[in-house]
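Trainee: Below are the sequence and a predicted model; questions follow.
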Amino acid sequence: MDRKSLSIALAGNPNSGKTTIFNNITGTRQKVGNWPGVTVEKKEGTVKKFGYDFKIVDLPGTYSLTPFSIEEIVARNYVIDERPDVVIDIIDASNLERSLYLATQLREIDCRVLFALNMADVANARGIKIDGKKLSELLEVPVVFTIGNKNEGIDTLLKSAIDLAESNYTVTKERKVKYNKDIENSISKLQLYLENRIEDSVPSNFRWTAIKLIEDDKIVKERIVQKTGEKSQGILQEVKVQRDLLTSRFDDDPEIVMTEERYGFIAGIIKEVLTTSTKQRVDISRNIDLVLTNRFIGFPIFVLFIWAMFQLTFSLGAYPMEWIESSIGFISMNLGRTLPDNLFKDLLLDGIIAGVGSVAVFLPNILILFFCIALFEDTGYMSRAAFLMDKIMHIIGLHGKSFIPMLMGFGCNVPAIMATRTLESDKDRKLTILITPFMSCSAKLPVYIVLAGTFFGGKAGTVIFSIYMLGIVLSIITGRIFRSTLFKGADAPFVMELPPYRVPMIKSLLIHMWDRSKIFLKKMGGIILVASILIWALSTFPLNIKYQTDYDAEINKVNAYYRSKISTAIDSGKTNFEQQRDDMILKITRKKKAEKAEKSLMGRIGKAFAPIFSPLGIDWRGSVALLSGFAAKEIVVSTLGVLYATDREQDSEALKHALLSSSMTSLSALAMMAFVLLYVPCLATVAVIKRETGSLKWTVFSIAYSTLIAWLAAFCIYQGGGLLGFS
Ligand code: GDP
Ligand code: MG
């Protein structure tokens, strides 16, 4: 017997359990989240069962199929264009009323739809009883009860899907979802008009197309224009006639009237099929929310959680960080001793190990940070955080949901920008992507630590905090400006979802954490490796440099001078002289290295760019460091290390001394920190911005404006501070 193939699309509200059921059927590992709308990408899986080859698609979670949000457009286009054999609408049985809006919309498309009443356990526990048979009769749709997380009812669901696909399904003349007489009149007139002018309807059947045109659906209108060319003028004219007619009749837009009618229809269904027992279980979630989203203490609790998260990230992370640091030190020390001195050894130690090591030390912090974020998401707290931040985010003209990507930006911009997928509106998403890089990511911290630590001593903490604040303030200001210029217009209305609290599964937390950290490691690791090799090469070549002074001869002189002194000195005098000798030799070696760096390719590049940076008080070394920071921000510090010719062991004291004796002042250090905070995000982030906006234009824009703002801010700090008499 040959196998038949069957394509199934899973539709449903966010958090209805789509992904869970998708995983049950396909066995593919996937993220099981708790934050509404996590599934934005289309996920496909295949499975062989009951003699069929199933192709399953997990559609984005939506409440409706309006053309306002990307998720809804994606889901709708899939159903219309790909024509899956069966669409399974996963309905949260404990929230039937809310789920039915999407259900009626799917019903209207005339695809073969099947209802899975999922979360049957939750509904039961709350004393909610649904008459599945009645529901099935009323809407003429097969209904199956399921419990996704226990894999109950899934086989029945698949069998029903097969039955439905094999049945000789015809579009019923007797409409299940109906409107009032006036609207029905307009629909049939328009439908007839369409049937007479075009052979086959776009994008879906004639009735649906007519309904959408009356609702002024912009995507359907576009498609009509594309498909019918010149004829579309007449069609759109007829649509206008019908819309005007209805508008004057109802004194309101037809789409509003139709939405109201659908809700009325749903209320009717609910009355018929739903009974709630009086002994409703006390809703635990609601009680927790009384505290966590409380008007007065909700916000302080939220701040406390965030504070605890950063505290945990940095203080707990410090221990493994130290272990990694010392193991890398140990490895490179031993390799340094055993390998013969040659170019390859330099490349391995100064290029590869030093560069990649600088990423590896951040791994513990990243893991902890992402674990905390996963914990927030999986328990359901993240949505509460969004809820709490909603008012504040409205200053920028964004919803509270945008706060989550921005918060994650403090860890790493790469996953943060990926998290913007959870936003419904395209405008919100782009705007959030543009301002998120101003959240100072953890890779920039080492730069601040070195510069602030060197030039501000005891006030370093306050200075670093101010830099973080500068980022936040600028993101608010630019967000506000973009909102009123580039991203004008009303955004899609949306309901802030507060899913029930859940005890997270440790496995899901770990997968969650690892998925994000993996991306970070892969991207950063690869890019950093290449960049460190490149920077090493640029600072190493050309090899034969003509030095101004013969440093080797000087070293010999010093050696000779002290040799006699040491031989005649006694006891402590001996060690004293030895100390002096070593210090002098170190100074000479540093000078040599510095001259080498200056005359290397990198030095030449830095000097070419120096005029751009000199108004900011940054010299050619700083310029090179900043340029190299485009690869990854951590590299700024190691480049400074190379250029100020400190030694191979990452000696922060030496770098401090070198910086203090350079032309840098505390003012220029501050300017440089501001520049690092604001300028073009790292390569990995740029790549993600490109992927998530899907547009080169926005990517270039993001790079250009952030760098411009960085330059202006640094300029104001350096020149302004100078005018005020600081140095
Ligand atoms: P999606 O947003 O529709 O993809 O929803 P998910 O599949 O991510 O599920 C959201 C949450 O509901 C997860 O924590 C699941 O473990 C949980 N879940 C899924 N199905 C059921 C169910 O039938 N009963 C209960 N109690 N929880 C479920
Ligand atoms: Mg999902």
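Mentor: That came through fine. Ligands and ions are numbered 1, 2, ... in the order given.

Trainee: ok, the residue nearest to residue 616 when sequence neighbours are not counted - contacts?
Mentor: Spatial nearest neighbour of residue 616, excluding adjacent residues (CB to CB, 6 or more residues apart in numbering): residue 714 at 4.3 Å. Where you see a C-beta, it was placed from the backbone N, CA and C, and this is true even at glycine. Counting by CB atoms under 8 Å, 6 or more residues apart in numbering, residue 714 touches 616, 618, 671, 672, 674, 675.

Trainee: Of the residues you listed - the most surrounded one?
Mentor: residue 671 (31 neighbours; other CB atoms under 10 Å).

Trainee: Run through the neighbouring helices and strands of the helix or strand hosting that residue.
Mentor: Following DSSP states H and E, the helix or strand that holds residue 671 is helix 666-678. Packing partners of helix 666-678 (3 or more CB pairs under 8 Å, 6 or more residues apart in numbering; DSSP states H and E): helix 445-456, helix 460-485, helix 620-628, helix 696-715, helix 721-723.

Trainee: Tell me which of these sits most buried.
Mentor: Comparing the helices and strands packed on helix 666-678 by mean neighbour count (mean count of other CB atoms under 10 Å), helix 620-628 ranks first with a mean of 25.

Trainee: angle of the following helix or strand past that helix against helix 620-628?
Mentor: Using DSSP H and E, the helix or strand that follows helix 620-628 in sequence is helix 634-643. For helix 634-643 against helix 620-628, the angle by axes from the mean of the first three to the mean of the last three CA atoms, to 10 degrees is 150 degrees.

Trainee: Residues in contact with helix 634-643: which ones?
Mentor: Outside of helix 634-643, the residues within contact range by CB under 8 Å, 6+ apart are 350, 354-355, 358-359, 362, 443, 446-447, 450, 528, 531-532, 535-536, 539, 594, 597, 602-603, 606, 621-622, 624-626, 628-629, 650, 655, 659, 676.

Trainee: the inter-axis angle of it versus helix 666-678?
Mentor: Using the same axes, to 10 degrees: helix 634-643 against helix 666-678 is 140 degrees.

Trainee: what distance separates helix 634-643 from the middle of the whole chain?
Mentor: Computed by CA atoms, centre = their mean, to the nearest Å, the chain-centroid distance of helix 634-643 equals 28 Å.

Trainee: can I get the helices and strands packed on helix 666-678 in a markdown table with mean pLDDT?
Mentor: Below are the helices and strands packed on helix 666-678 laid out as a markdown table (pLDDT from 0 to 100):
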| stretch | mean pLDDT |
| --- | --- |
| helix 445-456 | 86 |
| helix 460-485 | 89 |
| helix 620-628 | 87 |
| helix 696-715 | 94 |
| helix 721-723 | 88 |
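
Trainee: Quick one: closest of those to residue 334.
Mentor: helix 445-456 (25.0 Å; CB to CB).

Trainee: which secondary element of this protein has the worst mean pLDDT?
Mentor: Ranking every helix and strand in the chain by mean pLDDT, DSSP states H and E puts helix 354-360 at the bottom, with a mean of 71.

Trainee: Report the distance from that one to the chain centre.
Mentor: With CA atoms, centre = their mean, you get 24 Å for helix 354-360.

Trainee: what's the following helix or strand after that helix?
Mentor: Per DSSP H and E, the first helix or strand lying C-terminal to helix 354-360 is helix 363-379.

Trainee: so what secondary structure elements neighbour that next one?
Mentor: Contact here means 3+ CB pairs under 8 Å, 6+ apart; on that basis helix 363-379 packs against helix 298-311, helix 317-338, helix 381-393, helix 506-540.

Trainee: Kindly export it (C-alpha atoms) in PDB.
Mentor: As requested, the backbone C-alpha atoms of helix 363-379 are provided in PDB (Å, rounded to 0.1, in the frame of the first residue of the first chain):
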ATOM      1  CA  LEU A 363      30.300  32.400  29.100                       C
ATOM      2  CA  PRO A 364      29.300  31.900  32.700                       C
ATOM      3  CA  ASN A 365      27.700  35.400  32.900                       C
ATOM      4  CA  ILE A 366      25.800  34.800  29.700                       C
ATOM      5  CA  LEU A 367      24.600  31.400  30.800                       C
ATOM      6  CA  ILE A 368      23.300  32.800  34.100                       C
ATOM      7  CA  LEU A 369      21.700  35.800  32.500                       C
ATOM      8  CA  PHE A 370      19.900  33.700  30.000                       C
ATOM      9  CA  PHE A 371      18.800  31.200  32.700                       C
ATOM     10  CA  CYS A 372      17.200  34.100  34.600                       C
ATOM     11  CA  ILE A 373      15.500  35.400  31.500                       C
ATOM     12  CA  ALA A 374      14.200  31.800  30.800                       C
ATOM     13  CA  LEU A 375      12.900  31.600  34.300                       C
ATOM     14  CA  PHE A 376      11.000  34.900  33.900                       C
ATOM     15  CA  GLU A 377       9.600  33.700  30.700                       C
ATOM     16  CA  ASP A 378       8.600  30.200  31.600                       C
ATOM     17  CA  THR A 379       7.000  31.200  34.900                       C
END
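
Trainee: hang on, the earlier thing: let me have the helices and strands packed on helix 666-678 in JSON lines, adding distance to ligand 1 as columns.
Mentor: Output for the helices and strands packed on helix 666-678, formatted as JSON lines (distance: least, CB to the nearest ligand atom, whole Å):
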{"stretch": "helix 445-456", "distance to ligand 1": "33"}
{"stretch": "helix 460-485", "distance to ligand 1": "28"}
{"stretch": "helix 620-628", "distance to ligand 1": "41"}
{"stretch": "helix 696-715", "distance to ligand 1": "28"}
{"stretch": "helix 721-723", "distance to ligand 1": "51"}
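
Trainee: the domain parsing of this structure - what is it?
Mentor: 4-175, 181-276, 511-539+590-723, 542-589 (automatic domain parsing).

Trainee: So residue 145 is in contact with residue 121, correct?
Mentor: No. Contact status for residue 145 versus residue 121: not in contact, 9.7 Å apart, counting by CB atoms under 8 Å.

Trainee: Counting neighbours, go ahead and name the busier of these two.
Mentor: residue 145 (20 against 17).

Trainee: and the more buried one, backbone torsions?
Mentor: Main-chain torsions, residue 145, degrees, to the nearest 10: phi -90, psi 140.

Trainee: cool, and residue 632?
Mentor: The phi/psi pair for residue 632 (degrees, to the nearest 10) reads phi -170, psi 140.

Trainee: With ligand 2 as the reference, measure out to it.
Mentor: According to CB to the ion, to the nearest Å, residue 632 and ligand 2 sit 32 Å apart.

Trainee: Repeat that for residue 487.
Mentor: Distance from residue 487 to ligand 2, by CB to the ion: 27 Å.

Trainee: ok, now residue 386?
Mentor: Residue 386 is 17 Å from ligand 2, where distance means CB to the ion.

Trainee: thinking again about what came up before, so the helix holding residue 671 versus helix 460-485, what angle?
Mentor: Between the axes of helix 666-678 and helix 460-485, defined by the same axes, to 10 degrees, the angle is 50 degrees.

Trainee: Next, the angle from helix 666-678 to helix 445-456.
Mentor: 170 degrees.

Trainee: what sits up against helix 666-678?
Mentor: Residues from elsewhere that reach helix 666-678, judged by CB under 8 Å, 6+ apart: 438, 440, 444, 447-448, 451-452, 454-456, 463, 467, 470-471, 474, 616-618, 622, 626, 629, 633, 636, 659, 664, 706-707, 709-711, 713-715, 717-718, 721-722, 726-727.
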